[in-house]
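Got a predicted structure here, sequence first:
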Amino acid sequence: MSSLQSASPGPKRPGNTLRKWLTSPVRRLSQGSSVKKPAGGKHKKTAREEGRKSFDMGPSDPSHTDDITEERGGSKEGTLCKSSSGMQSGGEEELDEETHTPLPPRMEIIKDPSAQDDKSLEPGPYPRFPSLTPPDQSPPTEKDYVKDMGIVVEGFMKTMEESGVPEDMKGKDKMVFGNIHQIYDWHRDFFVGELEKCLEDHQLLPQLFIKHARRLHMYVVYCQNKPKSEFIVAEYDKYFEGIQQDIQSRLTISDFLIKPIQRITKYQLLLKDFLKYSTKAGIDCEQIEKAVDLMSQVPKLCNDMMNLGRLQGFEGKLTSQGKLLQQETFFVTEQDGGVLSRSKERRVFLFEQIVIFSELLRKGSSTPGYLFKKSIKVSFLGLDDAGDSDPCRLVLWHRGSAERYTLQAANTEVKQLWVEHIQEVLDAQSNFLT
């Protein structure tokens, strides 16, 4: 994930991006169109404002629009290399000091951020921060995010507690929300205030994320529960639609429950932007780089946990298989003795103690599922990188049996990464036994 950037119409004060990221910009454009004020200068309340009037948690930008995106359960698959055998892949407003400054022209999304002209960025005691995204794609602010979480906790959860849930739903209702109450309390009572302190002293920003990186792993716990939550919400969709109407919310329960997953990816964008312009300003970036690394790991762990939560049919305990090291989609050919199967698409999970092969369900869906098919314990695992025959192929086999699995990767980078991780696991086990 890389942050989209926009050009600035003129010099900006240090930390302007952080301030605009934390509090609502005065000028916010709706997705794909300009916002026009109604005649007479009166602002007509939106359905969202009307629906949230009983959950007002502080001033916020009235033109705020939610950026609802689909949850991505896995990474994009690249084009598979051809094998030598012929096998192929099938808040709070901040008033501008110069209100007469015109809006910048509409920005085009750039594919390569490094291709942007940065000649105007001169070294100085502090970096000059551009916007994190083009104006029409402004991310929700921290205060808006807390307000949304408040609607879940004080709206949906409280209403369900007071009015009761269907008899056959009892025991499942807690699984719908996971630990979202914990996330809401921490952001409301602590994190918003700490981010505001960073506006006065920018050097506090990386240390804030370094210090609380472990605390932010509560998002990993949330994502691990998310697949179960999705199933229950789909099963009782009419019930949740009724709750939505009762609290007069324009957004559905699913719209709100995806927001923590969207939010945890935003922090690394802020830190990467901070790192880029701190580097250009000649500031020591060791702590910023550490913060970027930590906050890049958390979204990956979240994605891993969501995919594991969608794995069905595995009879053992996944939590007993050690750390999840890698997961990827391969085209796999199985061989047992002299019988060779045709190539099949498989999602493969590499743990410290086991390799699991699974079939992809609901292909093309934003919420895919995985059905367990095969596994090899690391204690019986053998590896052949098959580099001479195909740069994108590796072979795993079950020692003590005739089972062999030929994995065709999307590219040489994926193949090499897996070979390295598997070899490290095998070496660690060998050292443990000797």
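Here it is on my side, so go on.

Below-threshold pLDDT in the stretch 251-400 of the chain: ranges please.
Low-confidence segments of the stretch 251-400 of the chain, defined by pLDDT under 70, are located at 364-367, 387-388.

Show me where it has its helices.
For the stretch 251-400 of the chain, applying DSSP state H, counting those that start in this stretch gives helices covering 253-257, 259-280, 286-309.

The first one packs against which elements?
Of the remaining helices and strands, those touching helix 253-257 by 3 or more CB pairs under 8 Å, 6 or more residues apart in numbering; DSSP states H and E are helix 173-177, helix 218-235, helix 237-246. To be clear about C-beta, it is placed using only N, CA and C from the backbone, and glycine gets the same treatment.

and with 7 Å instead?
If you count contacts as 3 or more CB pairs under 7 Å, 6 or more residues apart in numbering; DSSP states H and E, helix 253-257 packs onto helix 218-235.

got the CA positions of stretch 331-344 in PDB?
Extracted in PDB, the C-alpha atoms of stretch 331-344 (Å, rounded to 0.1, in the frame of the first residue of the first chain):
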ATOM      1  CA  PHE A 331      -1.100 -23.900  -8.700                       C
ATOM      2  CA  VAL A 332      -0.400 -27.300  -7.100                       C
ATOM      3  CA  THR A 333       0.100 -30.700  -8.800                       C
ATOM      4  CA  GLU A 334      -0.100 -33.700  -6.400                       C
ATOM      5  CA  GLN A 335       1.700 -37.000  -7.000                       C
ATOM      6  CA  ASP A 336       1.100 -40.100  -5.000                       C
ATOM      7  CA  GLY A 337       3.200 -43.000  -6.300                       C
ATOM      8  CA  GLY A 338       2.800 -43.100 -10.000                       C
ATOM      9  CA  VAL A 339      -0.500 -41.100 -10.100                       C
ATOM     10  CA  LEU A 340      -0.100 -37.500 -11.100                       C
ATOM     11  CA  SER A 341      -3.100 -35.100 -10.600                       C
ATOM     12  CA  ARG A 342      -4.000 -32.200 -12.700                       C
ATOM     13  CA  SER A 343      -2.900 -28.700 -11.500                       C
ATOM     14  CA  LYS A 344      -5.300 -27.200  -9.000                       C
END
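
Tell me the buried residues in it?
Counting neighbours by 16 or more other CB atoms under 10 Å, one finds that the buried residues in stretch 331-344 are F331, V332, T333, E334, S343.

okay, those in CSV with distance to E235 next?
Shown next, in CSV, are the buried residues of stretch 331-344 (distance: CB to CB, whole Å):
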residue, distance to E235
F331, 34
V332, 33
T333, 37
E334, 35
S343, 35
